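K.L.:
the sequence isn't on hand, but the structure is:
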Ligand SMILES: CC(=O)N[C@H]1[C@@H](OP(=O)(O)OP(=O)(O)OC[C@H]2O[C@@H](n3ccc(=O)[nH]c3=O)[C@H](O)[C@@H]2O)O[C@H](CO)[C@@H](O)[C@@H]1O[C@H](C)C(=O)N[C@@H](C)C(=O)N[C@H](CCC(=O)O)C(=O)O
Ligand SMILES: Nc1ncnc2c1ncn2[C@@H]1O[C@H](COP(=O)(O)OP(=O)(O)OP(=O)(O)O)[C@@H](O)[C@H]1O
Ligand SMILES: N[C@H](CCC[C@H](N)C(=O)O)C(=O)O
Ligand SMILES: [Mg+2]
C-alpha cells in the first residue's frame, strides 16, 4: 500500500519526505520491523517508541509516524508527524487492512465484569442461529470454529484489524469483542466502526492503571462517547453508572435491568446448581448458567440480539441451549460428594457475586471453602477487599498465589491479609503454593461441602517473573479429587 492511502483520515501535522513510498506492513515495535514497514512510535508505560526510531530505520522501515521529529533525519525515510501516534496507529491499521470493521457488524462489550461471558454468549447464540461469527475475548479469539490464541482482552490495533480482516475474508457476518478500559485509553479501538456497544457494570478494578475510579469511569464512557449515531448502545440500568455511560453518546440508547425501569427486563424465578428459570420480558426460559449476575449477562445478550434484529422466539430458544465461557462457574464433583467450583472472579464484586450465588444455593450444613489469590503488577487496593469479601461468605478461606508476575508472592498475600478482621483470622489459612492450597482445601472439605477456586478460571498458566508455567485450576481440582 502507498503511504498516502495509509494516512487517510489521520490528522497530519507535518510530512518530511515522499508520501508515495510503498508500505508493506504497519508496526509499533522496532524489534519486529521488516522491509518497508511503517514504524509508529508509541509512548508506553515503560518506555517511549520514539527512542527506537533509529533502530526501526536500521531494520529497513520505509516511513515513521512520530509525535516529534528526531534531531537527525535520514533522507531515504519519510517522517510523518501527528498529534497522537496511538490514535493514528488505530486508523492506519484499519486503513491497512481495508477497514474490516465496516464489512461486518462489530459489537463491543465493556464493563468491569461479564465482558467475556457476554461476548462468548453472543458468539454462541449467533452461531446457533446459523451465522458465521468472530469472537475477540480474554479466553480466546475465534473465527467460526477456528481458535486463535488471545494475548490480551482487547488486542493491539494491528493484531485486531488483522483478525477482523480474516473474519471478513472467512465470511463473518458479526464479530463480538471485549473492549477493555486499557484498550480505550491506549486507543487500540481507534478507527473501528461499531454496530453496537454493551455496558455490563463498573466496580473496583485497574485503579493502578487509571489512577482513580473517576478516570476508570471516563475510560469506559469514552467507548460510548465515540460511537456514531447509527450504532446502538445497551446499558445496565441497575448499575449506578449505567446511565452515565450514555450521557454523551450520539448512538441509539437502550437499557436492560432486573430492578429499575428498562427496555429489556428479566427476573430470576428459580435458581439451581445446574441452571436457572428466568422470565425475560414476558417469556419464561430455562438457562444453563447459574447466578444472578448471569441473569444480567443473559439479558444483555437477549437485548443485543433484538437490537441486531433477530427474532424473539429464536433468540429465546438459543438462550436456553447455549453455555458461557470456560472457567466461569465450572463445576467438578468428587467421588465422595465434594462440590468443586472453578471461577474467574478476580475483583471484589465478582468474588462477592459468585459467593452470594453459592450461599443462596447451598443447603444448611454445607461448608464453603474458598481458595483465592490476587495477581501481581495489578491494582493493589483490591487485594484486602477481595480477601475480606471472600471471608464474609466462606467458612474457611485459603489465601494463596494467583499470577505473582514480577512481585513477591508473600508480599501480595500480606496485602490480602490486611483485609481480614482479627476475630476472623482463625478461619484463614495461608498456603502460597497454589497447588498445595487447592489440595488442602479438598482435604479440609467433607462430603457435601463446596470448594471454590477463584481468580484464574480458564487460565492454563501461572505467570512468575515473565515465565508462564503450566497451571490449570480445574486440572488440579480433578487430580486431587481423583486421589481422594
Ligand atoms: C499496561 C499496558 O497495557 N501495557 C501494554 C503496552 O505496553 P507498554 O505501555 O508497557 O509499552 P512499553 O514497553 O512502554 O513500550 C512503548 C512502545 O515502545 C515500543 N518499543 C519498546 C521496546 C523496543 O525495543 N522497541 C520498541 O519499539 C513498544 O512496542 C511500544 O509500542 O503496550 C503493549 C503493546 O501493545 C502491550 O502488550 C502491553 O500490555 C501488557 C503486556 C499488559 O499486561 N497489559 C494489560 C494490563 C492489559 O492491557 N489488560 C487489558 C485489560 C485486562 C482486563 O480484561 O481487565 C487487556 O485488554 O488485555
Ligand atoms: N455481570 C456480572 N456482574 C458481576 N460479576 C460477574 C458478571 N459476569 C461475570 N462475573 C464474575 O466475574 C468473573 C469474570 O467474568 P468475565 O470473564 O465474563 O469478565 P470480564 O469482564 O471479561 O473480565 P476481564 O476483565 O478479565 O476480561 C466471573 O468468573 C464471575 O465471577
Ligand atoms: N484481565 C485481567 C485478568 C486478571 C486475572 C487474574 N488471574 C490476575 O492475574 O490478576 C487483568 O489482566 O488484570
Ligand atoms: Mg474478559
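P.N.:
Nice, I can see it. None of these values were measured; they are calculated from a predicted model. Ligands and ions are numbered 1, 2, ... in the order given.

K.L.:
show me what contacts the closest residue in space to residue 156 that isn't next to it in sequence?
P.N.:
Take residue 156 and drop its neighbours on the chain: the residue closest to it by Cβ to Cβ, 6 or more residues apart in numbering is residue 188, 5.8 Å away. (Glycine included, C-beta is placed from N, CA and C.) Counting by Cβ atoms under 8 Å, 6 or more residues apart in numbering, residue 188 touches 90, 154-157, 160, 182.

K.L.:
dump the residues you listed to CSV, plus distance to residue 217 and pLDDT.
P.N.:
Formatted as CSV, the contacts of residue 188 follow (distance: Cβ to Cβ, whole Å; pLDDT from 0 to 100):
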residue, distance to residue 217, pLDDT
90, 22, 98
154, 18, 98
155, 24, 98
156, 24, 98
157, 24, 98
160, 24, 98
182, 15, 97
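
K.L.:
which of the residues you listed are close to ligand 1?
P.N.:
When contact is defined as Cβ under 6 Å from any ligand atom, the contacts of residue 188 meet ligand 1 at 154, 156, 182.

K.L.:
which SS class is the first one?
P.N.:
The one in question is residue 154. coil (DSSP: H, G, I helix; E, B strand; the rest coil).

K.L.:
just to revisit the earlier point, which of the ones next to ligand 1 among the contacts of residue 188 sits closest to residue 51?
P.N.:
Here the nearest of the ones next to ligand 1 among the contacts of residue 188 to residue 51, counting by Cβ to Cβ, is residue 156; it sits at 18.8 Å.

K.L.:
ok, that closest one touching residue 28?
P.N.:
Yes - Residue 156 lies in contact with residue 28 (Cβ atoms under 8 Å); the separation is 7.2 Å.

K.L.:
ok, those two, which is more surrounded?
P.N.:
More crowded of residue 156 and residue 28, by other Cβ atoms under 10 Å: residue 28, with 25 against 19.

K.L.:
that one is in contact with residue 39, isn't it?
P.N.:
Yes - Residue 28 is within contact range of residue 39, at 7.3 Å (criterion: Cβ under 8 Å).

K.L.:
need the overlap of contacts for those two.
P.N.:
With Cβ under 8 Å, 6+ apart as the test, residue 28 and residue 39 both reach residue 49.

K.L.:
ok, residue 382 - contacts?
P.N.:
Counting by Cβ under 8 Å, 6+ apart, residue 382 touches 204-205, 207, 347-348, 374.

K.L.:
now do the strands in the stretch 351-484 of the chain.
P.N.:
Listed in chain order, the strands of the stretch 351-484 of the chain (DSSP state E, counting those that start in this stretch) span 368-372, 396-399, 428-430, 450-454, 461-464, 467-470.

K.L.:
how many residues are close by the residue of the chain found nearest ligand 3?
P.N.:
Using Cβ to the nearest ligand atom, the single residue of the chain nearest to ligand 3 is residue 375, 2.0 Å away. A count of nearby residues for residue 375, using other Cβ under 10 Å, gives 19.

K.L.:
and the one 5 residues further on, by the same measure?
P.N.:
Applying the criterion other Cβ under 10 Å, we find 16 residues in the vicinity of residue 380.

K.L.:
can you list phi and psi of it for me?
P.N.:
Here is the backbone geometry of residue 380 (degrees, to the nearest 10): phi -80, psi -30.

K.L.:
tell me the residues on the stretch 151-300 of the chain that lie near ligand 2, please.
P.N.:
When proximity is defined by Cβ under 6 Å from any ligand atom, the stretch 151-300 of the chain lies next to ligand 2 at 153, 178, 200-201, 293, 296-297.

K.L.:
make it 8 Å
P.N.:
153, 178, 180, 200-201, 203, 205, 236, 291, 293-294, 296-297, 300 (Cβ under 8 Å from any ligand atom).

K.L.:
pick out the most distant pair among those residues.
P.N.:
The span of these, defined through Cβ to Cβ, is set by 180 and 291 at 22.4 Å.

K.L.:
hang on, the earlier thing: neighbour-wise, which of the contacts of residue 382 leads?
P.N.:
residue 374 (28 neighbours).

K.L.:
thought that one was touching residue 414?
P.N.:
No - counting by Cβ under 8 Å, residue 374 stays clear of residue 414, with 10.9 Å between them.

K.L.:
now the helices for the stretch 1-150 of the chain?
P.N.:
Under the criterion DSSP state H, counting those that start in this stretch, the stretch 1-150 of the chain contains helices at 3-6, 53-58, 85-96, 115-128.
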